[in-house]
Structures are given as C-alpha cells and as structure tokens.
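In: turn this into a structure:
(one chain, ligands or ions: 1)
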Amino acid sequence: SVFFSLTIYDKAAQSLLNKLIRSNLVNTTNQVEVLQRDPSSPLYSVKSFEELRLKPQLLQGVYALGFNRPSKIQETALPMMLAEPPQNLIAQSQSGTGKTAAFVLAMLSHVDPENKWPQCLCVSPTYELALQTGKVIEQMGKFYPEVQLVYAIRGNKLERGTKLQEQIVIGTPGTVLDWCQKLKFIDPRKIKVFVLDEADVMIATQGHQDQSIRIPRMLPKTCQMLLFSATFEDTVWNFAKRIVPDPNIIKLKREEETLDTIKQYYVICNSKEEKFQALCNIYGAITIAQAMIFCHTRKTAGWLAGEVSREGHQVALLSGEMQVEQRAAVIERFRDGKEKVLVTTNVCARGIDVEQVSVVINFDLPVDRDGNPDNETYLHRIGRTGRFGKRGLAINMVDSRFSMNILNRIQEHFNKKIEKLDTDDLDEIEKIAN
Ligand SMILES: Nc1ncnc2c1ncn2[C@@H]1O[C@H](COP(=O)(O)OP(=O)(O)OP(=O)(O)O)[C@@H](O)[C@H]1O
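Out: From the prediction side, this is the model:
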C-alpha cells in the first residue's frame, strides 16, 4: 500500500542519509549488553584488530579504511562472528556504530576464495542501501581481489542458466529470492553466512518481511545467521527470532538526550513576518555560529530561506521534494560549515544528526498529526547527550493561542521552564548568549 511504501521509503532514505553524511564513528559511553546463547562459554572481547587473527589482506583493508581499533559493538560482535564454529547473532545499535563494517569483515573472513560459487548472502531493504554496503565490501576487500562480489538487485539481468562464480552476493530480498529459487543462479545450500541488514527498515513492508523469511528456509542448518537493526521494538524482535535460531544477542543502548544543558526561550509574535523580524533581531544581537531552523511546512521553509538569504546570510534549505543524494549534499555542506543557517521542515530532518549546531530555532513548534505536542521531536531537535553536553540555546516562536498551548504542554511534559524573551530589547537578547 501507499502507506507502507512511504514508510519504507522514509526509513530507508533516513538510514541512507545518515550513512552518506557520516564522517565519523558514533561513539557512545554506554556499555554493550550481551546475552549469550551458552552463558557458560567465555565471552571474548577484543581491543585490537590484531587479536582477531584476520587474514593479512583483510587487516590491510581495515587499516587502509583508517580504522585503528574496533568500535564498541565490534569489540564483542567480531569475536562471536569469527568464532569456530560460527555463532548466530542478533545485534542492535544506532546507526553509525560500526555494524556494517563488522558483518562485512565477517563475510570476507568466512569465504574460501578458491571456491567459485556464492558463499555469503547479504540482504538489504533497498537498492541504494545494498549499493552502499557493497561499497564497504569493495573497500575492505581491496587487497583481497580473489574474492568477488555481485549485486542481486533489480536491473541486474543475467542470462538464464548462469551459475554465479562470485563468493559474495548482496541484494534486495525479492531479487535474492528469485536468484535462489526461480532462476537458480545461486545454490542456497552452499551458503555459509547469511546477513540480514536493517531489519527495522525491512519489516516496514510486509512483502519484504515475507521474502526475508523465505530465504533462510532454503539455507543449510549450519549456515551462520546474522541480523542487524538500528532499533529494537517488539516487532523487530519477533521478526529476528523467526530468522535467527539460537542467537547471541548484543545491544548497545543509545545515549539519552536531555534538556539539562539547554537554555530554552520563547518569543511571542503575531505572524510569520513578525517571527522573521524577531529572528533578525536575535541575529543582530548575538553571534550565532550555526543555527538550524525548523518550519512546519515546505512552503514556510522555502519562504523563510528566501528572506534569510535576502538579509545576506548564507542559507541552506532542506526540503521534502529533494532526492536523497541532494539532501545528503545539503547536509554535508552545512556540516562542513559552508552555510551557517539550515532551514528545514520537521519531516525532512527527522532522525538526522548534526552535532555541532549550538542554536535551534523552532519557527513552528513540533506537533504530531493530531495537533498534539510532539515531545519526542522537540527533545531530539534540541536535546543533547551527556557526552556532547555543550551548552545550547533553543528559541521557540509562538504565534497563536494554539502554539502557546503547545508550548505550555511541552514545558509541563519536560518539567523545564521555557523563559519568555522580548526580542525588541537588545540588552535582553544579549544576556541569553552568556
Ligand atoms: N573500527 C572503526 N574505526 C573507525 N571507524 C570505523 C570503524 N568501524 C566503522 N567505522 C566507520 O564509522 C562509520 C559507521 O560505520 P558503519 O557504517 O559500519 O556503522 P553502522 O552501525 O552500520 O551504521 P549504519 O547502520 O548507518 O550503516 C563508517 O564511516 C565506517 O567507515
């Protein structure tokens, strides 16, 4: 249905965007939670890639990528995945914590380059995400050219009767299923490692979910099953258990965001023009390194970006009709400081992290579809994790009784006072910067 395809598009696009704009590993101080299938077996964790006894060609690939040491999740996930006999794993951690790199290394370690047939199968929810993972395989396997990769994605048409020689197959569930079952390009009984990536995105469409469950049924009992997800609701968990028998489980909690280090203000205005004027007054009074401004609609965002630009500020606009790559390019430029103001809509920026922003302006307050305060979005927009606990400033524009009511409810929800700010009083604005 339209609803589901929108959901998957949204989630998959978000995930791809985060991958494209990420220049660093997301670090977290949270401990990994490990649930072992056999609690009596010792739990290994490694602090260096050498300890893993990787093939020299792979270690070279790892270092060429600039990885010095395993990430938090890799410390425990890699020894489990590389153990003999191989163990099954369900792993959950937020995007950017090193899951892809981990399972790519596991796949590359388990293939026998002498054998010219598919041995590892990896499924991703979309064409673009499959290509992205493929790139990581190619980079990490750069010094291991005997191992070859093929994409099982729509558009990649092979002749009937083809028997694939590549050791690794990466693709989307529908095509992978066809290649195993109908077209028989792959002999599923010879697969040693099966990876299901982005399980939470995958289950957003029923079709994908069904296909993803049918693939593992064709694989041998001895095949290593690995499943990854950025989030872990019950639906993901139930799906994961149907795919991965006797799993080890690794979870890495996301760091909690708080409003503790944020100064919050609101400004009363009567129209969008007045809100824009208030914004100009704030810019006139304090130095703002970089700001993100959130609007409710694309139309307002477009209008505001035009006005801000006329004031002589370099402004970036992130809008819903843009292609994912275009959006990534905008965020990348902003992240690199090429623009100082980013105007965006709520929907567009959901789930995207730009850490260095010190000022957030809610040109419109976040509300959900029913017109209730969207507290979660509010927190995510302006909140900070303990570790990035730099002080921040949030300014909310109120332009009606309705939005005043939303503001009051947000205030009550977090039990944190939002102070009133008079933007006609320069001295008062200057004070908030200190
Ligand atoms: N051990 C490491 N040391 C340094 N950088 C790493 C390490 N592992 C991964 N990275 C880099 O960190 C970024 C995130 O890693 P990766 O894509 O594997 O995370 P992920 O959890 O799979 O996130 P996503 O779900 O968004 O893909 C990538 O740019 C990757 O190259």
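In: please count neighbours and contacts with C-alpha atoms only from this point.
Out: Noted.
In: ok, which stretches of the stretch 301-434 of the chain are helices?
Out: 324-335, 346-349, 375-382, 401-414, 426-432 (DSSP state H, counting those that start in this stretch).
In: which SS class is Arg160?
Out: When classified by DSSP: H, G, I helix; E, B strand; the rest coil, Arg160 comes out as coil.
In: I figured it was touching Leu183, is that so?
Out: Yes. With contact defined as Cα atoms under 8 Å, Arg160 reaches Leu183; the gap is 6.9 Å.
In: circling back to that earlier point, rank the helices of the stretch 301-434 of the chain by pLDDT, which is bottom?
Out: Per-stretch mean pLDDT for the helices of the stretch 301-434 of the chain is lowest at helix 346-349 (a mean of 70).
In: quick one: which of Arg160 and Leu183 has more around it?
Out: Leu183 (17 against 9; other Cα atoms under 10 Å).
In: what about that one, which SS state?
Out: coil.
In: any idea how far it lies from the ligand?
Out: With the distance defined as Cα to the nearest ligand atom, to the nearest Å, Leu183 ends up 30 Å from the ligand.
In: all numbers from here: first residue = 13
Out: Happy to do that; since the first residue is 13 now, the last one works out to Leu195.
In: hang on, that residue packs against Gly173?
Out: Yes. Shown here, Leu195 and Gly173 form a contact pair, counting by Cα under 8 Å, at 7.4 Å.
In: close to the ligand: what parts of the stretch 63-212 of the chain are there?
Out: Phe79, Asn80, Arg81, Pro82, Ser83, Ser107, Gly108, Thr109, Gly110, Lys111, Thr112, Ala113 (Cα under 6 Å from any ligand atom).
In: adding pLDDT and secondary structure, write these out as TSV.
Out: Listed next are these as TSV, based on pLDDT from 0 to 100; DSSP: H, G, I helix; E, B strand; the rest coil:
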residue	pLDDT	secondary structure
Phe79	94	coil
Asn80	93	coil
Arg81	93	coil
Pro82	94	coil
Ser83	92	coil
Ser107	83	coil
Gly108	85	coil
Thr109	90	coil
Gly110	93	coil
Lys111	94	helix
Thr112	95	helix
Ala113	95	helix
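In: most surrounded residue in the residues you listed?
Out: Lys111 (26 neighbours).
In: before we move on, back to that, mind checking the helices of the stretch 313-446 of the chain for the one nearest to the ligand?
Out: helix 336-347 (13.3 Å; Cα to the nearest ligand atom).
In: pull out the buried positions in the closest one.
Out: Val336, Arg339, Ala340, Ala341, Val342, Ile343, Glu344, Phe346, Arg347 (16 or more other Cα atoms under 10 Å).
In: how about JSON lines for the residues you listed, with distance to Lys253 added?
Out: Formatted as JSON lines, those follow (distance: Cα to Cα, whole Å):
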{"residue": "Val336", "distance to Lys253": "32"}
{"residue": "Arg339", "distance to Lys253": "35"}
{"residue": "Ala340", "distance to Lys253": "34"}
{"residue": "Ala341", "distance to Lys253": "38"}
{"residue": "Val342", "distance to Lys253": "39"}
{"residue": "Ile343", "distance to Lys253": "36"}
{"residue": "Glu344", "distance to Lys253": "37"}
{"residue": "Phe346", "distance to Lys253": "40"}
{"residue": "Arg347", "distance to Lys253": "38"}
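In: any chance of the residues you listed in CSV, plus distance to the ligand?
Out: CSV is the format used below for the buried residues of helix 336-347 (distance: Cα to the nearest ligand atom, whole Å):
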residue, distance to the ligand
Val336, 15
Arg339, 16
Ala340, 13
Ala341, 16
Val342, 18
Ile343, 15
Glu344, 14
Phe346, 18
Arg347, 15
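In: for Val46, see how far away the nearest residue to Lys432 once chain neighbours are set aside is.
Out: Among residues not flanking Lys432 along the chain, Tyr278 sits closest, at 5.0 Å (Cα to Cα, 6 or more residues apart in numbering). Distance, Tyr278 to Val46, by Cα to Cα, to the nearest Å: 44 Å.
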